[in-house]
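>>> make a model of this:
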Amino acid sequence: MARRSVLLLVAALIALAGTAMIVLYVQGIDARATKDQELVEVLVATETIDTGESVSAAQEAGKIEKSEVRLVDLVEGSLSSTSSISDLVAVGTIYPGEQLIAKKFGSLGDTQSLVVPDGKMAVSVELTDFERVAGFVNPGDEVAVFATPQDLTALLPDGKDRPLGDYTRILLTRVPVLGVGTTSVTSTTTKTEDGDQVAEQVARTILTLAVTQEEAELLIQADRNSDITFALLTDESKVEDNAGIRPGDLYPELFRGLQP
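Predicted coordinates for the structure are as follows:
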């Protein structure tokens, strides 16, 4: 009798444990289901964001807004704020309803194709490392362009040509760099003080700028008739158009009293 009672007690305990495990399992399923249904806040595109379009421009156009999605529908890397991408552009097309993720934004140089801002055109020039700030200019940077004309003359009313003299002045105060091409090495010949000709290997790189038509005309003309130098700018760089510098401005004591 005692043995039967023990067996019944063990069976009851096993049944109770089994019931408890079933209850816990069901509660776990409910908890997971509830967690998956939890709503989280993310940024989504309400309209198409084009490749190369800046985050700030998309926001101003009302193309980005906050929305709530289920946790189970949350895309890995999705953003709830634009603080980390505020200075970047879309590197590919983002379609309405897409959640914004960090890897879809970068600099102009990261875009899938050359992106030319509205109202501008792309113009390329070939520069040496010295002329392009020793290779530190990259897509997305802004540069000022300086020109130093060489051997230019002006036609006087009497029909004679008058040398204008060398001078350096700013050509374009601030323009964005769209692309930096591959670097090639070319051979150039220079003369020494003794009059000997020496061949040098010079690295040259094609840089592409976003310019207006008037800026393009200035840049192309300067590229044909002048030495061009880029200056890398920051947001705080101060640049202004002025009359430029002539040799007489460097050595005024040598040119004092002479016509510039």
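>>> just checking, Leu172 touches Leu219?
Yes. Contact between Leu172 and Leu219 holds when scored by Cβ atoms under 8 Å: they sit 6.7 Å apart. All C-beta spots, glycine's among them, are computed from the backbone N, C-alpha and C.
>>> need the overlap of contacts for those two.
Counting by Cβ atoms under 8 Å, 6 or more residues apart in numbering, the residues touching both Leu172 and Leu219 are 145, 209, 211.
>>> wait, what's in contact with the nearest residue to the second one once chain neighbours are set aside?
Taking Cβ to Cβ, 6 or more residues apart in numbering as the measure, Leu209 lies nearest to Val175, with 5.0 Å between them; neighbours along the chain are not counted. For Val175, the residues meeting the contact criterion (Cβ under 8 Å, 6+ apart) are 142-145, 209-211, 215.
>>> which of those fall in helices?
Glu215 (DSSP state H).
>>> mind putting the contacts of Val175 in a markdown table, distance to Glu76 included?
Listed next are the contacts of Val175 as a markdown table, based on distance: Cβ to Cβ, whole Å:
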| residue | distance to Glu76 |
| --- | --- |
| Glu142 | 34 |
| Val143 | 37 |
| Ala144 | 42 |
| Val145 | 43 |
| Leu209 | 37 |
| Ala210 | 34 |
| Val211 | 40 |
| Glu215 | 43 |
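>>> and the furthest pair within the contacts of Val175?
Greatest spatial distance among the contacts of Val175 (Cβ to Cβ): Ala144 and Ala210, at 14.1 Å.
>>> what about the two, which has more around it?
Relative neighbour count places Ala210 above the other of Ala144 and Ala210, with 22 against 18, counting by other Cβ atoms under 10 Å.
>>> three-state assignment of Ile85?
Three-state call for Ile85 (DSSP: H, G, I helix; E, B strand; the rest coil): coil.
>>> burial of it, as a residue count?
20.
>>> so what pLDDT did the residue lying closest to it once chain neighbours are set aside get?
Leaving aside its chain neighbours, Ile85 sits nearest to Phe105 (4.4 Å; criterion: Cβ to Cβ, 6+ apart). Listed pLDDT for Phe105 reads 86.
>>> do I have it right that Ala231 meets Val133?
Yes. Here Ala231 reaches Val133: they are 7.0 Å apart, a contact under Cβ under 8 Å.
>>> what's the overlap in contacts for the two?
Val143.
>>> tell me the buried residues in stretch 81-95?
Buried residues in stretch 81-95, counting neighbours by 16 or more other Cβ atoms under 10 Å, are found at 82, 85, 88-92, 94.
>>> with stretch 128-138 instead?
Within stretch 128-138, the residues scored as buried using 16+ other Cβ under 10 Å are 128, 131-132, 137.
>>> mind checking which of those residues land in strands?
Among those, DSSP state E puts Thr128 in strands.
>>> and of the buried residues of stretch 128-138, the nearest to Gly119?
Of all those, the one with the least separation from Gly119 (Cβ to Cβ) is Val137, at 22.8 Å.
>>> what pLDDT is listed against the closest one?
Per the predicted model, pLDDT is 83 at Val137.
>>> coming back round to it: what's across from the residue nearest to Ile85 in the sheet?
For Phe105, the beta-bridge partners are Ala90 (DSSP bridges).
>>> please renumber the chain so that the first residue is 290 from this point on.
Sure, I'll start numbering at 290, so the last one becomes Phe394.
>>> fine by me, we can end here.
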